[in-house]
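**Q** Structural data only, the sequence is not supplied:
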């Protein structure tokens, strides 16, 4: 069943904002120093990210300096782009 067209919540789950007002900011992460970020950085560049932050940290490590820098860099209307949700894997809440 489709929600009514005049319902303000009808587009909450839309895959893309109706009108993007900010820039795309990318975040990439690999788990070990031996792994390469190249594939993720290429995907973020191709997506049109204006700035890319990258960490080489285990998913168990809460100290992801570049992730916190990326979150601080974001402004209203910006979109954080992550090549894969398992790369984000937050271990502390965002406030």
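**A** Cool, got the structure. Everything numeric in this text was worked out from a predicted model, so none of it was measured.
**Q** Please count neighbours and contacts with C-alpha atoms only from this point.
**A** OK.
**Q** Just confirm residue 43 contacts residue 83, I think it does.
**A** Yes: counting by Cα atoms under 8 Å, residue 43 touches residue 83, with 7.0 Å between them.
**Q** same question for stretch 45-65, mean pLDDT?
**A** Averaging pLDDT along stretch 45-65 gives 85.
**Q** do the same with stretch 26-38
**A** Mean predicted confidence for stretch 26-38 is 90.
**Q** Could you tell me the end-to-end distance of that stretch?
**A** End-to-end distance of stretch 26-38 (Cα to Cα, to the nearest Å): 13 Å.
**Q** how about the helices in this protein?
**A** Using DSSP state H, the helices of the chain run over residues 38-47, 65-73, 85-88.
**Q** Which positions in the second one come out as buried?
**A** Buried residues in helix 65-73, defined by neighbour count with 16 or more other Cα atoms under 10 Å: 66, 67, 70.
**Q** which of these lies closest to residue 56?
**A** Nearest to residue 56 among these: residue 66, at 9.3 Å, using Cα to Cα.
**Q** Against residue 54, how distant is that closest one?
**A** According to Cα to Cα, residue 66 stands 6 Å off from residue 54.
**Q** What of residue 81?
**A** Going from residue 81 to residue 54 by Cα to Cα gives 12 Å.
**Q** closest to residue 29 out of the helices of the chain?
**A** With Cα to Cα, the closest approach to residue 29 among the helices of the chain belongs to helix 85-88: 5.5 Å.
**Q** and for residue 81 and residue 54, which residues touch both?
**A** residue 27 (Cα atoms under 8 Å, 6 or more residues apart in numbering).
**Q** picking up where we left off before, same list as before, the helices of the chain that is, but in TSV and with distance to residue 30 included.
**A** Formatted as TSV, these follow (distance: least, Cα to Cα, whole Å):
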stretch	distance to residue 30
helix 38-47	9
helix 65-73	12
helix 85-88	7
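**Q** Indicate which one of those helices is closest to residue 22.
**A** Residue 22 lies closest to helix 65-73 among the helices of the chain, at 11.9 Å (Cα to Cα).
**Q** if we look at that closest one, which residues are touching it?
**A** For helix 65-73, the external contacting residues (Cα under 8 Å, 6+ apart) are 25, 26, 27, 52, 53, 54, 55.
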